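> coordinates only, sequence not included:
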């Protein structure tokens, strides 16, 4: 199989208690592909400005198998975000958002991407654009949607439309509560697991992840990390690692056994992800490192 | 082995989103013993007033193996607490606390309790009283201390004295941060794991539990519960189930394998505990029920 991923490419200026970085490569698509690349380098759909340099393209080429779906808009700059994290790392506080090229994003999935068996990942972007991409990819074996509280507040009708047209949603606890109107996470998941959905991935940050399917629940703690440096992209890295591992398994069933294996792997990848700024958490990390930490994770949390 | 437990016996009036109950049997010692009783009915040390009725004594007798260390103070009432939980169940908000007999609590561990091999559990009470009990029990094979933020704020010197004289401390995330001055839970645990401590139990409520030992870490998620009814006593129930299971294992090593097994069992007991008011979460629950949920827990979180 292969993975088609649609999302943002950006420059981020980030401050946390561990330091700060200026205009480093970021964006949901970047983090997704970076984390996926150990097992399945995705085909990318995105948009950048003319300030996207050779080194950035080179990075994208390293972590993807095809970037012909990434468009450069003339006379535009790339999406820019500046923000900081408070000590608890729970919320990013935005200082500046410049959408730039991203404001004109009209994803076109190249015909060549659609030739073989594929999964589709829709990173957190405007729901009506996500819906348009879903329509461009009718052959997707598993379509996975990420979203955020902003769209719940500002584009709820469109968001429900796209939720009703995908197979999987990836959300956090607050979003699950807002979308369902239920405080209990199990009740929220029960309400949100619509007939079309195969399962829901509930991200809990430092408290791990849960997966709710029809007739099964999975709950894993996070891998304990002594010092979080930068949580930016942690959710996208989890999604990238998770889908790439399902691809690697070659499964077409997506049952609880496969999903738990993929979630264990993705938990380990995400734990490395937050240990560096931007894409650096995985820099120099080999598959052997990931396997070693998986075995440590088993000692800590396996039974 | 056997367990000696020292703590409060109380009446609680509790309101939560699931309803309310007036003057039901509560207190840390009650909850600890109730949860321990499947595998090791503890010997109790506590104090009550003259309003402690036959039915309350009968309940204590059911869940303990010896209650001669529970004193009735003439002319006094039992400890009374009234409070409520907000929707998130994270914090109990106190409406009324009447210490009554508990204000005069001077625990005397009966000689008969000290005859054989025993563990000692010190529920959350004033640190200088805990220290006095430690001195009465020099033969304890494993002394476990529970505490709370109130003593960190109001009796810190005494609290450190008792921490330095026990084998295990049981705390929550906020308490670990307050005691250590470290935000990162791993750094906090590293700092708090004093030479005398065998391990630290870190309670994370609906996010599970971690255990930090010398050279090992354990992290487990909670068993997912659809509707929490009353979290009162959840921590004490975890401690009671945990120690009773260690007793049942007959281990004198308390290594990572035994601790993880005990923590899995205690997680399941605590998940039942919060499904009812006061002691009712476990009422009618058999060992077979606990084993069945342990097996469900393995499906959900085991690997």
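Everything's here; your move. Not measured: the values here are computed from a predicted model. Numbering: from 1, shown residues only, chains lettered A, B, ... in the order given.

> against residue A:176, how distant is the residue of the stretch 51-200 of chain A found nearest chain B?
In the stretch 51-200 of chain A, no residue comes nearer to chain B than residue A:186, which is 4.2 Å away by C-beta to the nearest C-beta. C-beta coordinates here come from the backbone N, C-alpha and C atoms, glycine included. Between residue A:186 and residue A:176 the computed distance is 10 Å (C-beta to C-beta, to the nearest Å).

> next, count neighbours for residue A:58.
9 (other C-beta atoms under 10 Å in any protein chain shown).

> following the helix or strand hosting it, which helix or strand comes up?
Here residue A:58 sits within helix A:54-63, counting by DSSP states H and E. Where DSSP H and E defines the elements, the next helix or strand beyond helix A:54-63 is strand A:66-72.

> tell me the helix or strand right after that following strand.
As assigned by DSSP H and E, the chain's next helix or strand after strand A:66-72 is strand A:79-85.

> the helix or strand following that following strand packs against which elements?
Downstream of strand A:79-85, the next assigned helix or strand under DSSP H and E is strand A:92-98. If you count contacts as 3 or more C-beta pairs under 8 Å, 6 or more residues apart in numbering or on different chains; DSSP states H and E, strand A:92-98 packs onto strand A:79-85.

> mean confidence (pLDDT) on the strand it packs on, please.
Strand A:79-85 carries an average pLDDT of 96.

> and if you look at stretch A:16-24?
Stretch A:16-24 comes out at a mean pLDDT of 96.

> pull out the buried positions in it.
Residues A:16, A:18, A:21, A:23, A:24 are the ones in stretch A:16-24 that count as buried (16 or more other C-beta atoms under 10 Å in any protein chain shown).

> leaving out the residues flanking it, which one is nearest to the residue nearest the centre of chain A?
In chain A, the residue lying closest to the centroid (C-alpha atoms, centre = their mean) is residue A:236, at 2.3 Å. Spatially, and ignoring its direct neighbours in sequence, residue A:236 is nearest to residue A:31 (3.8 Å; C-beta to C-beta, 6 or more residues apart in numbering or on different chains).

> quick check: residues of the stretch 201-303 of chain A near chain B?
A:204, A:207-208, A:210, A:216-222, A:224-228, A:256, A:260-261, A:264, A:298-303 (C-beta under 8 Å from any C-beta of the partner chain).

> now the strands for the stretch 101-250 of chain A?
Here the stretch 101-250 of chain A has its strands, by DSSP state E, counting those that start in this stretch, at A:118-122, A:143-146, A:168-172, A:199-203, A:209-213, A:216-220.

> export those to CSV and tack on mean pLDDT and mean neighbour count?
Formatted as CSV, these follow (pLDDT from 0 to 100; neighbours: other C-beta atoms under 10 Å in any protein chain shown):
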stretch, mean pLDDT, mean neighbour count
strand A:118-122, 97, 28
strand A:143-146, 98, 24
strand A:168-172, 97, 24
strand A:199-203, 98, 23
strand A:209-213, 98, 22
strand A:216-220, 98, 22
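
> give me the spatial nearest neighbour of the residue of chain A positioned farthest from its centre, chain neighbours excluded.
For chain A, the residue at maximal distance from the C-alpha centroid (C-alpha atoms, centre = their mean) is residue A:75, at 28.5 Å. Spatial nearest neighbour of residue A:75, chain neighbours left out: residue A:50 (7.0 Å); criterion: C-beta to C-beta, 6+ apart.

> wait, a strand at the one you found?
No: Residue A:50 sits outside any strand when classified using DSSP: H, G, I helix; E, B strand; the rest coil, being coil.

> ok, for residue A:94, nearest residue in space, not its chain neighbours?
residue A:83 (4.5 Å).

> who is that neighbour paired with across the strands?
Residue A:83 has these beta-bridge partners by DSSP bridges: residue A:14, residue A:94.

> hang on, the earlier thing: elements contacting the helix holding residue A:58?
The helices and strands touching helix A:54-63, judged by 3+ C-beta pairs under 8 Å, 6+ apart, are helix A:28-36, strand A:66-72.

> what residues of the shortest one count as buried?
When burial is assessed from 16+ other C-beta under 10 Å, strand A:66-72 yields the following buried residues: A:66, A:67, A:69, A:70.

> show me what contacts residue A:144?
A:119, A:120, A:121, A:122, A:166, A:167, A:168, A:169, A:170, A:201, A:239, A:243 (C-beta atoms under 8 Å, 6 or more residues apart in numbering or on different chains).

> in the stretch 1-150 of chain A, what spans have low per-residue confidence?
Scanning the stretch 1-150 of chain A for pLDDT under 70 picks out nothing.

> go again with 80.
Counting by pLDDT under 80, the stretch 1-150 of chain A has low-confidence residues at A:87-91.

> chain B contacts on that one?
Residues of the stretch 1-150 of chain A lying near chain B by C-beta under 8 Å from any C-beta: A:17, A:87, A:88.

> which ones are touching the last one?
Meaning residue A:88. Residue A:88 neighbours (C-beta under 8 Å, 6+ apart): residue B:183.

> now with 6 Å?
Contacts for residue A:88 (C-beta atoms under 6 Å, 6 or more residues apart in numbering or on different chains) come out as none.

> quick check on it: phi, psi?
phi -80, psi -10 (degrees, to the nearest 10).

> circling back: with distance to residue A:35 added, can I get the contacts of residue A:144 in CSV?
Compiled in CSV, those are given as follows (distance: C-beta to C-beta, whole Å):
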residue, distance to residue A:35
A:119, 15
A:120, 17
A:121, 11
A:122, 16
A:166, 20
A:167, 20
A:168, 17
A:169, 19
A:170, 13
A:201, 14
A:239, 8
A:243, 9
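
> what's the angle from the host helix or strand of residue A:298 to strand B:209-213?
Using DSSP H and E, residue A:298 maps to helix A:287-301. Orientation check (axes from the mean of the first three to the mean of the last three C-alpha atoms, to 10 degrees): helix A:287-301 against strand B:209-213 gives 100 degrees.

> tell me how far helix A:287-301 lies from the chain's centre.
Computed by C-alpha atoms, centre = their mean, to the nearest Å, the chain-centroid distance of helix A:287-301 equals 22 Å.

> give the buried residues for it.
Across helix A:287-301, burial judged by 16+ other C-beta under 10 Å covers A:290, A:293, A:294, A:296, A:297, A:300, A:301.

> run through the neighbouring helices and strands of that helix.
If you count contacts as 3 or more C-beta pairs under 6 Å, 6 or more residues apart in numbering or on different chains; DSSP states H and E, helix A:287-301 packs onto helix A:256-273, strand B:216-220.

> next, format the ones you listed as CSV and append distance to residue B:130.
Shown next, in CSV, are the helices and strands packed on helix A:287-301 (distance: least, C-beta to C-beta, whole Å):
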stretch, distance to residue B:130
helix A:256-273, 37
strand B:216-220, 25
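
> got the contact list for stretch A:247-254?
Against stretch A:247-254 from outside (C-beta under 6 Å, 6+ apart): A:1, A:39, A:40, A:198, A:258.

> return the member of those nearest to residue B:191.
Relative to residue B:191, the closest of the contacts of stretch A:247-254 is residue A:39; by C-beta to C-beta it sits at 37.9 Å.

> for that closest one, give me its contacts.
So residue A:39 contacts A:244, A:245, A:248 (C-beta under 6 Å, 6+ apart).

> redo that, cut-off 7 Å
By C-beta atoms under 7 Å, 6 or more residues apart in numbering or on different chains, residue A:39 lies in contact with A:244, A:245, A:247, A:248.

> widest-spaced pair of those?
Between all members of the contacts of residue A:39, the farthest pair (by C-beta to C-beta) comes out as A:245 and A:247, at 7.1 Å.

> all helices for the stretch 101-250 of chain A, in order.
A:127-136, A:149-154, A:156-163, A:173-180, A:185-192, A:234-249 (DSSP state H, counting those that start in this stretch).

> wait, which of those helices is closest to residue B:10?
helix A:185-192 (30.5 Å).

> list the helices and strands that closest one packs on?
Packing partners of helix A:185-192 (3 or more C-beta pairs under 7 Å, 6 or more residues apart in numbering or on different chains; DSSP states H and E): helix A:173-180, strand A:199-203.
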